[in-house]
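*Asks:* Got a predicted model here, sequence first, then my questions.
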Amino acid sequence: MKFVEEFRNEELAKSLVKKLQEFTDVNVNIMEVCGTHTMSIFRYGIRSILPKNINLISGPGCPVCVTPQSYMDVAIELASRKDVIITTFGDMMRVPGKKGSLLKKKAEGADVRIVYSPMDSITIAQNNPSKKVIFLSVGFETTTPMTALTAMEAKKKNVGNLLFLTAHKIVPPAMEALVQDKELKLDGFLLPGHVSAIIGTKPYEFLSEKHGIPAVVTGFEPTDILQGINTLITMIHKKEHKITNEYKRIVRADGNAVAMQYLDQVFDVVDSRWRGIGLIPGSGYIFNKNFEEFDALKHFKIEYEEYDGSPGCRCGEILKGKITPLQCPLFKKACTPENPIGSCMVSSEGTCAAFYRYHSV
């Protein structure tokens with residue numbers, strides 16, 4: 001299959017691993033800030049074949065994981081209302097709140113429906129005019145344009161009973177917060193391919209220009225990731241501080257202009273709270289004044305204080321790259337995919353889920 005099989009070439013992968021053996025004279029910490037990268041790195045066993053001096057750190061690359069627990073509690077509260085239908089992607093169903101999950105709420109009789117696109121919520125709203133349909137709108141820049149387009153379409157069709165509970169995040173400001181945390185001692189970043197396809201490479205230039213940290217945009221196949229690591233290690237070794245794009249078949253420097261136009265038309269940029277990191281300036285989206293009628297919080301006049309986590313869960317520290325799941329006392333004991341205590345174990349892009357599925361020790 002074009003753009004897949006050629007990036008899983010065994011001989012090429014071996015040659016890239018061999019090339020990395022040339023750089024064993026210094027220890028380096030590389031963070032990937034994409035949950036799909038985290039899963040791919042584990043799935044293809046990349047951690048196990050790297051030289052011991054190259055330390056891969058999984059960062060806050062999962063939008064479900066970085067959403068504060070308080071968001072889920074509001075969603076569960078709204079699901080309890082008789083006049084509400086909740087629509088959501090499937091990975092939100094088992095994310096734990098203080099009083100259970102949406103899956104539990106659905107079992108108790110709440111009208112919670114899994115959709116494959118936010119656009120499905122328009123049809124559901126049109127078919128249920130006496131109900132308020134609330135889409136749980138969580139994601140990075142990859143999925144936020146689709147929320148914007150759905151709101152634009154709902155406005156065009158005058159669908160007045162569709163609302164959104166938003167928790168959209170912007171990735172580069174979170175990376176700024178990570179760089180400023182001196183405990184992490186990061187030497188470079190593997191940049192997210194999906195997010196970069198929307199925003200391009202320019203928003204990351206502050207890493208090299210302001211902080212002297214190199215970064216590489218890369219894809220998700222084995223040779224993509226190994227080539228990205230090679231490029232990054234070479235830059236670190238040569239003390240070259242720049243942003244390099246190794247995913248040119250998908251990512252352009254200026255990103256996707258149409259998608260960015262949707263974001264600008266519908267949303268305002270605001271400060272936003274990330275689980276494990278805290279409040280990050282300019283890292284979230286809310287509906288602007290032209291689309292605020294779609295904001296579920298404003299519609300129901302809900303104000304809440306954001307908070308994180310369950311007792312004993314160290315998901316926040318894991319998201320920040322300060323510990324691995326193996327250092328959490330709940331991991332594989334009280335916390336499993338069947339009984340998740342934290343969001344990092346729930347999402348298919350979560351670090352705990354990756355460790356649980358692929359880590360053999």
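*Replies:* Arrived safely, thanks for sending.
*Asks:* how does this protein divide up, domain by domain?
*Replies:* For the chain, automatic domain parsing gives the domain ranges 5-56+172-245, 64-170+283-299, 315-358.
*Asks:* can you list those domains in JSON lines and add mean neighbour count and distance to R275?
*Replies:* Heads up, the C-betas are built off the backbone N, CA and C, glycines and all. What follows is the domains of the chain, written out as JSON lines (neighbours: other CB atoms under 10 Å; distance: least, CB to CB, whole Å):
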{"stretch": "domain 5-56+172-245", "mean neighbour count": "19", "distance to R275": "11"}
{"stretch": "domain 64-170+283-299", "mean neighbour count": "19", "distance to R275": "5"}
{"stretch": "domain 315-358", "mean neighbour count": "21", "distance to R275": "6"}
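*Asks:* and S40, helix, strand or coil?
*Replies:* What DSSP: H, G, I helix; E, B strand; the rest coil gives for S40 is helix.
*Asks:* Report the contact partners of it.
*Replies:* Residues near S40 by CB atoms under 8 Å, 6 or more residues apart in numbering: 46, 220-222, 225.
*Asks:* Quick check: it vs K99, distance?
*Replies:* 35 Å (CB to CB, to the nearest Å).
*Asks:* With I199 instead?
*Replies:* From I199 to K99 the distance is 36 Å (CB to CB).
*Asks:* Please, where are all the helices along the stretch 201-350 of the chain?
*Replies:* With DSSP state H, counting those that start in this stretch, the ranges of helices along the stretch 201-350 of the chain come out as 205-211, 222-238, 257-266, 296-299, 315-319.
*Asks:* And the stretch 51-200 of the chain, by the same measure?
*Replies:* 63-66, 69-79, 102-107, 120-127, 144-156, 171-179, 193-199.
*Asks:* Redo the helices of the stretch 201-350 of the chain as JSON lines? Include distance to D83.
*Replies:* Converted to JSON lines, these look like this (distance: least, CB to CB, whole Å):
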{"stretch": "helix 205-211", "distance to D83": "46"}
{"stretch": "helix 222-238", "distance to D83": "47"}
{"stretch": "helix 257-266", "distance to D83": "26"}
{"stretch": "helix 296-299", "distance to D83": "12"}
{"stretch": "helix 315-319", "distance to D83": "33"}
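*Asks:* next one: stretch 165-177 to chain centre, how far?
*Replies:* In terms of CA atoms, centre = their mean, to the nearest Å, the centre of stretch 165-177 is set 9 Å apart from its chain centre.
*Asks:* how about the CA coordinates for it, as PDB?
*Replies:* What follows is stretch 165-177, C-alpha atoms only, in PDB (Å, rounded to 0.1, in the frame of the first residue of the first chain):
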ATOM      1  CA  LEU A 165     -19.100  21.100  25.600                       C
ATOM      2  CA  THR A 166     -15.600  22.100  24.400                       C
ATOM      3  CA  ALA A 167     -12.200  21.200  25.700                       C
ATOM      4  CA  HIS A 168     -10.000  21.900  22.700                       C
ATOM      5  CA  LYS A 169      -6.300  22.300  23.300                       C
ATOM      6  CA  ILE A 170      -3.500  24.000  21.300                       C
ATOM      7  CA  VAL A 171      -0.200  22.000  21.400                       C
ATOM      8  CA  PRO A 172       2.700  24.500  21.000                       C
ATOM      9  CA  PRO A 173       1.900  26.500  24.200                       C
ATOM     10  CA  ALA A 174       2.000  23.200  26.200                       C
ATOM     11  CA  MET A 175       5.400  22.500  24.700                       C
ATOM     12  CA  GLU A 176       6.500  26.000  25.900                       C
ATOM     13  CA  ALA A 177       5.400  25.000  29.400                       C
END
